[in-house]
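Trainee: give me a 3D structure for the following:
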Amino acid sequence: MNLLSIGKVHNHASEENMEILPLWRQAISSIEVTGAEDVFFKEEHSHYIIIHDPLKIKFPQSREELNRRFSAGMGASVVSYIRKEGGVHYVRGLMAENNASIYAILPYTSFDLIEEARFPQSNMESRKMKAFNDILPQLHGKNILDVGCGLGTLTIKIAREKQDSLLHGIDLLDSVIEQCKFNARVEDVVNAKFVAASAYELPFEEGYFDAVTCFFMLHHLDDIPRALKDIRRVLKPAGELFAVEPIDHFHDVQRYPEDWKVLFLEAGYKVEVWEKDKVSYLRAGLK
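Mentor: Residues are numbered from 1 along each chain as shown. Predicted coordinates for the structure are as follows:
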């Protein structure tokens, strides 16, 4: 079936970085619609269903539902509408790569909300947000670093709440960092900076940060002690590192709060550790 394109997607999504698909639920994309765009977007709707080119990547069998939804003949995303700027519409949660074609834009309405509908659920993101809200009031200082910032969602949230602070977010891929900058620009956040860098070799001078955060990211690292050592290097003498890690989601090694405590102590920190809602919390400072 040949469909007529009605628009183009512009973001920093690519075949390389869309493998971290859950993060892209918070990514912002712009859409240039050809023709009479007021036919598609209306002020009374906050969310839309967008039909677009499929992703080129294939997900493992354990995530087959993502293949059916985003990598088959077409992709279908439910997005939240942000605003119009000139001839461009900004939306959040579009699971389409840069320059993908758009074929249909449909309002998401109360008619679609089926209370008895069943579908696979993961509460990982909600637990992450609960942990973030617990940590946020404890963050203080002029310079704050978010290590493994992903698409910058939490970095931007901290920047909004701590407008007297300068937030720095780091992650590995240049394309992901460009998306962070794009998100921050669209959301009018000016006190957040992003740079592509490794957690093992942070591009900052010694003793620069008042606080460092690591949200659900340390368990992804191959060499956690090395990362903790370099984070310690960039912390001020009175600075603090806040880390939260899921207990029931891990790579290679499952760690409980006391296991994380040992790693932090061996890396030269004094540390307070506690557990809440299957999440390990750590608040660490320099000895």
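Trainee: show me where the stretch 151-287 of the chain has helices.
Mentor: In the stretch 151-287 of the chain, the helices defined using DSSP state H, counting those that start in this stretch lie at 153-161, 174-186, 224-234, 257-266.
Trainee: and of those helices, who's closest to residue 58?
Mentor: Among the helices of the stretch 151-287 of the chain, helix 174-186 comes nearest to residue 58, with 19.3 Å by Cβ to Cβ. The way it works is simple: take the backbone N, C-alpha and C, and place the C-beta from them, glycine included.
Trainee: check which helices and strands the closest one sits against.
Mentor: Packing contacts for helix 174-186, counted by 3 or more Cβ pairs under 8 Å, 6 or more residues apart in numbering; DSSP states H and E, involve strand 28-33, helix 153-161, strand 166-171, strand 192-196.
Trainee: only alpha carbons, please: show the shortest one as CSV.
Mentor: Going back to what we said before, that points to strand 192-196. Provided in CSV are the C-alpha atoms of strand 192-196 (Å, rounded to 0.1, in the frame of the first residue of the first chain):
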residue,chain,number,x,y,z
ALA,A,192,21.4,23.2,31.6
LYS,A,193,24.5,22.2,29.5
PHE,A,194,25.1,18.8,27.9
VAL,A,195,28.3,17.2,26.7
ALA,A,196,29.1,13.8,25.3
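Trainee: what residues sit buried inside it?
Mentor: 192, 193, 194, 195 (16 or more other Cβ atoms under 10 Å).
Trainee: so in terms of bridging, what pairs with the closest residue to the second one other than its chain neighbours?
Mentor: Distance criterion Cβ to Cβ, 6 or more residues apart in numbering; nearest residue to residue 193, sequence neighbours excluded, is residue 168 at 5.3 Å. Following DSSP bridges, residue 168 is listed with bridge partners residue 145, residue 193.
Trainee: got the buried residues of strand 192-196 as TSV, with distance to residue 84 and pLDDT columns?
Mentor: Below are those laid out as TSV (distance: Cβ to Cβ, whole Å; pLDDT from 0 to 100):
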residue	distance to residue 84	pLDDT
192	24	98
193	27	98
194	25	98
195	30	98
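Trainee: wait, residue 178 sits on residue 12?
Mentor: Yes. Between residue 178 and residue 12 there is a contact under Cβ atoms under 8 Å: 4.3 Å.
Trainee: settle it for me: which of those two has more neighbours?
Mentor: Between residue 178 and residue 12, counted using other Cβ atoms under 10 Å, residue 12 has the larger neighbour count: 22 against 16.
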